[in-house]
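A.B. asks: here's my sequence, what's the structure:
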Amino acid sequence: MKKTKFDIQSINSVIQNIEPYSAEEINLNIYNPPPPIEPLVKWRSLWPFLKAALSKETESNSIDIDAAVQRISEYQVIGDLPREKTLKWSANAIVIVDFDIRLSYLYDDMNSLLNQLLLLRGEEGLTTFLSL
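C.D. replies: Numbering: from 1, shown residues only. As a prediction, the model looks like this:
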């Protein structure tokens with residue numbers, strides 16, 4: 001492999017002969033908005049996970065017909081009628097967000113996620129810890 005030597009004078013002469021870009025070549029238009037930011041995970045894919053992670057299972061007022069029929073078919077005493085289970089937001093939820101500089105490319109996704117969560121769940125009982 002051949003090594004090339006550069007001297008300061010030849011580098012300076014090359015630099016001095018470089019012509020600056022014209023405004024047309026640069027073609028900067030500060031009025032163009034940046035392209036929309038695409039999230040890493042679509043909301044429709046993330047929503048079921050968040051709902052399950054930040055919810056608790058509760059009994060609804062509706063009777064669980066399948067469970068009642070199952071008990072009867074097994075000759076069990078029904079007693080209280082079984083109720084359908086539904087997911088409801090937990091009274092309290094903790095979200096920890098890591099804003100380490102090494103994760104800066106995820107900041108937009110994290111902020112979007114927190115904003116969506118606040119809109120859907122509300123602030124009541126939602127505690128957010130930021131790790132810097």
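
A.B. asks: for this structure, give me the ranges with low pLDDT.
C.D. replies: Within the chain, the stretches with pLDDT under 70 are 1-6, 25-30.

A.B. asks: and the helices in it?
C.D. replies: Assignment of helices within the chain using DSSP state H yields the ranges 8-16, 23-26, 43-53, 65-73, 107-121.

A.B. asks: may I have the third one as PDB, with CA atoms only?
C.D. replies: Going back to what we said before, that points to helix 43-53. Extracted C-alpha coordinates of helix 43-53, given in PDB (Å, rounded to 0.1, in the frame of the first residue of the first chain):
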ATOM      1  CA  TRP A  43     -50.100   2.700  18.200                       C
ATOM      2  CA  ARG A  44     -52.500  -0.100  17.200                       C
ATOM      3  CA  SER A  45     -49.800  -2.700  18.100                       C
ATOM      4  CA  LEU A  46     -48.700  -1.000  21.300                       C
ATOM      5  CA  TRP A  47     -52.200  -0.300  22.700                       C
ATOM      6  CA  PRO A  48     -53.100  -3.900  23.700                       C
ATOM      7  CA  PHE A  49     -49.800  -4.300  25.600                       C
ATOM      8  CA  LEU A  50     -50.200  -1.000  27.400                       C
ATOM      9  CA  LYS A  51     -53.900  -1.700  28.300                       C
ATOM     10  CA  ALA A  52     -52.900  -5.100  29.800                       C
ATOM     11  CA  ALA A  53     -49.800  -3.700  31.600                       C
END
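
A.B. asks: how far does that helix sit from its chain's centre?
C.D. replies: With CA atoms, centre = their mean, to the nearest Å as the basis, helix 43-53 stands 10 Å off its chain's centre.

A.B. asks: what sits against L126?
C.D. replies: Neighbouring residues of L126 by CB atoms under 8 Å, 6 or more residues apart in numbering: 92-93, 95, 117-118. In this view, the C-beta of every residue, glycine as well, is placed from N, C-alpha and C.
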